[in-house]
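> Provided below for reference: sequence and predicted model.
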There are 2 protein chains.
Amino acid sequence: MTSHEQSLQYLQSLGYRLTPQRLLVLEIVAEGGSHMGVDEVYRQARAAYPYMDLATVYRTLRLFKQVGVVTEVAIGNRLHYELTDPGEKHHHMVCRDCHRAFNLSPHYLEEFRDTLIKEFGFAPDLEHFTVSGDCVDCRAGAAPAAGSTINNADNWENAES
Amino acid sequence: MTSHEQSLQYLQSLGYRLTPQRLLVLEIVAEGGSHMGVDEVYRQARAAYPYMDLATVYRTLRLFKQVGVVTEVAIGNRLHYELTDPGEKHHHMVCRDCHRAFNLSPHYLEEFRDTLIKEFGFAPDLEHFTVSGDCVDCRAGAAPAAGSTINNADNWENAES
DNA sequence: TATGTTATCGCCAATGTTTGCATTAACTGG
DNA sequence: CCAGTTAATGCAAACATTGGCGATAACATA
Ligand SMILES: [Mn+2]
Ligand SMILES: [Mn+2]
Ligand SMILES: [Zn+2]
Ligand SMILES: [Zn+2]
């Protein structure tokens, strides 16, 4: 059973209906690589199914996020989505200057989560966790070229074409 | 010299002009208690100065945030602002269920910041840091009454009316 | 105080996202 | 299969936030 089919079965098990629109959006996000913008998903969806509505894309992505099938990343002030890979979960660091998104291993947040629960009873939603800040390149003052290779470590990743 | 005057002088020292609109917004946010919604600021501002425009409120608050005079907190999917008290800086935990915001001492984030800088050269913007999650009350299943007293510790605080 | 420069304002339109509502179609049980 | 129930869709309008632009007013300078 593929990862798609698993997700779809999971949705169904929660009582959600399996519509062609949901099928389509899931497929697009899965194939689309990392951090797909909403409009990108919308365009591709409408290409395959011309009646697709933008509101449906938003609602579908929100649902997928809610149940954990996709991960939402706010880049700049736009929403982006990627498939939640259960094996390779990660959080995000978004540069407020160049607006690229980098992946962050969950490891770096474990103690933080434990502390919040122990001290305050507050269970942080780290599935949807994003820190903003300034990336190495932008801190160095050099505006990084659009297609620059910046992977210093294996949990760094380019976003936004 | 009051805290206002200090902030205003600081703005001026950065080359920004001291307009009555900025005066007004600063005053409103300062008096308004914690986590003021944009529309709330707008209404009060327009009451005092009928020509006040919503765009000006947004621009002013954005500027104030940029220079550190106010702190932005995203609650639900709306922006809220509070005065940045240099003595009592804090971050925020927002409950995704009851949508209340709680304060979090910077102490709990120090190691996290250090790690990100050391490991990735990524300087997180923790001035504007907010974690979402589920608060004690909502986790207990009990929908907390609107005016309930929930301060278990001295860095917990009610938000939103 | 008078004058020039230019940041900021008010107004309006655009954008990104959410919501209400009537219609459609996915599921359920027979 | 068939019909009934109700969640999900498409469409349109609302909402929250941002941006362009010409007019105004804050500040510097004399
Ligand atoms: Mn990612
Ligand atoms: Mn606060
Ligand atoms: Zn950057
Ligand atoms: Zn709560």
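On my side now, so go ahead. Ligands and ions are numbered 1, 2, ... in the order given.
> for chain A, what spans make up the helices?
Residue ranges of the helices in chain A, as given by DSSP state H, are A:3-13, A:20-31, A:38-48, A:54-67, A:110-120, A:136-139.
> So for the last one, mean pLDDT?
This means helix A:136-139. Across helix A:136-139, the average pLDDT comes to 87.
> now do the third one
For helix A:38-48, mean pLDDT rounds to 96.
> Could you see whether DNA strand C lies near that helix?
Yes: judged by Cβ under 7 Å from any atom of the strand, helix A:38-48 comes into contact with DNA strand C at A:38-39. For every residue, glycine as well, the C-beta is placed using N, CA and C.
> Tell me the confidence at the residue located most distally from the centre of chain A?
Ranking residues of chain A by C-alpha distance from their mean position (Cα atoms, centre = their mean) puts A:Glu119 at the top, at 28.9 Å. At A:Glu119, the predicted lDDT confidence score is 93.
> Equivalent analysis for A:Ala153, please.
According to the per-residue confidence, A:Ala153 scores 30 in pLDDT.
> in chain A, which segments are predicted with low confidence?
Segments of chain A classed as low confidence (criterion: pLDDT under 70) are A:1, A:142-161.
> repeat that for 80
Low-confidence segments of chain A, defined by pLDDT under 80: A:1-3, A:34, A:86, A:141-161.
> Can you name the residues of chain A sitting close to ligand 1?
By Cβ under 5 Å from the ion, the part of chain A that sits against ligand 1 consists of A:34, A:103.
> Spit out the contact partners of the residue nearest to A:Tyr49 when sequence neighbours are not counted.
If the residues on either side of it in the chain are set aside, A:Tyr49 comes closest to A:Leu24, at 5.9 Å by Cβ to Cβ, 6 or more residues apart in numbering or on different chains. Neighbouring residues of A:Leu24 by Cβ atoms under 8 Å, 6 or more residues apart in numbering or on different chains: A:45, A:48-49, A:52.
> Quick check: the farthest pair among those residues?
Greatest spatial distance in the contacts of A:Leu24: A:Ala48 and A:Met52, 7.7 Å, computed using Cβ to Cβ.
> Outline the domain layout of chain A.
Following automatic domain parsing, one gets these domains for chain A: A:3-83, A:90-160.
> of the ones you listed, which approaches B:Val29 most closely?
With Cβ to Cβ as the yardstick, what comes closest out of the domains of chain A is domain A:3-83 (21.1 Å).
> Now find how far off-centre that closest one is within its chain.
Relative to its parent chain, domain A:3-83 has a centroid offset of 10 Å by Cα atoms, centre = their mean, to the nearest Å.
> Contacts (any at all) between DNA strand D and that domain?
Yes: contact of domain A:3-83 with DNA strand D is found when judged by Cβ under 7 Å from any atom of the strand, involving A:15-17, A:19, A:21-22, A:49, A:51-56, A:59-60, A:77.
> End to end on that domain, go ahead and measure it.
End-to-end distance for domain A:3-83: 10 Å, by Cα to Cα, to the nearest Å.
> in chain A, what residue is nearest ligand 4?
Distance from ligand 4 to each residue of chain A (Cβ to the ion) is smallest for A:Phe122, at 8.9 Å.
> Surely that residue touches B:Arg100?
No: look at A:Phe122 against B:Arg100 with Cβ atoms under 8 Å: they stay out of range, at 10.8 Å.
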